[in-house]
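Asker: dropping the sequence and predicted coords here.
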Amino acid sequence: MVEHLTKESFQEKVFNFETNKEWKYEGTIPCIIDFYADWCGPCKMVAPVLEELAIEYSGKINIYKVDTEAEQELAGAFGIRSIPSMLFVPMKEQPQMSVGALPKDSLKKAISDVLLKKVN
């Protein structure tokens, strides 16, 4: 299940940008954060794909959504200028931003390359 985040739940589950200057991921498993808006066509195309991936990768990654209209401060903190924008958050490395609606195979590749890559 994809979970919608408010600023408060984002700070609890992902990153408290008000108290931390350096990136510090608060989660226990990697995540994807989809910055979207209800009026955005490409966002609507990606939504069912993210729902499928949330089921497919259940327990391995979390998938969150942030409504940029309702959470403007949060979108501003990440410099979101176009949507959909997805933030891929691995456990140890810095997060990586992807802009635009990605097809399912590209999302799966990003999940395996960025979020679930095996560290040797």
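Answerer: Everything's here; your move.
Asker: all the helices of this structure, residue numbers only.
Answerer: For the chain, the helices defined by DSSP state H cover 7-13, 41-56, 72-77, 104-110.
Asker: what comes up buried for the lowest-mean-pLDDT helix or strand in the chain?
Answerer: Within the chain, no helix or strand scores below helix 72-77, which has a mean of 93 by mean pLDDT, DSSP states H and E. By neighbour count on 16 or more other C-beta atoms under 10 Å, the buried set for helix 72-77 is 74-75. Backbone N, C-alpha and C define where each C-beta goes, glycine included.
Asker: equivalent analysis for stretch 30-49, please.
Answerer: In stretch 30-49, counting by 16+ other C-beta under 10 Å, buried: 30-37, 40, 43, 46-47, 49.
Asker: what pairs with the residue most central in space within the chain across the strands?
Answerer: When C-alpha atoms, centre = their mean is applied to the chain, the residue found nearest the centroid is residue 33 (1.2 Å). Here residue 33 sits in beta bridges with residue 64, residue 87, going by DSSP bridges.
Asker: let me see the contact set for it.
Answerer: 5, 10, 14, 64-66, 86-87, 89 (C-beta atoms under 8 Å, 6 or more residues apart in numbering).
Asker: that one and residue 79: what is the separation?
Answerer: For residue 33, the distance to residue 79 equals 13 Å [C-beta to C-beta, to the nearest Å].
Asker: now pLDDT too, for the buried residues of stretch 30-49, in CSV please.
Answerer: CSV is the format used below for those (pLDDT from 0 to 100):
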residue, pLDDT
30, 97
31, 97
32, 97
33, 97
34, 97
35, 98
36, 97
37, 97
40, 97
43, 97
46, 96
47, 97
49, 97
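Asker: distance to residue 96 for the residues you listed - can I get that in JSON lines?
Answerer: Below are the buried residues of stretch 30-49 laid out as JSON lines (distance: C-beta to C-beta, whole Å):
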{"residue": "30", "distance to residue 96": "11"}
{"residue": "31", "distance to residue 96": "12"}
{"residue": "32", "distance to residue 96": "10"}
{"residue": "33", "distance to residue 96": "11"}
{"residue": "34", "distance to residue 96": "14"}
{"residue": "35", "distance to residue 96": "14"}
{"residue": "36", "distance to residue 96": "18"}
{"residue": "37", "distance to residue 96": "21"}
{"residue": "40", "distance to residue 96": "21"}
{"residue": "43", "distance to residue 96": "19"}
{"residue": "46", "distance to residue 96": "17"}
{"residue": "47", "distance to residue 96": "21"}
{"residue": "49", "distance to residue 96": "18"}
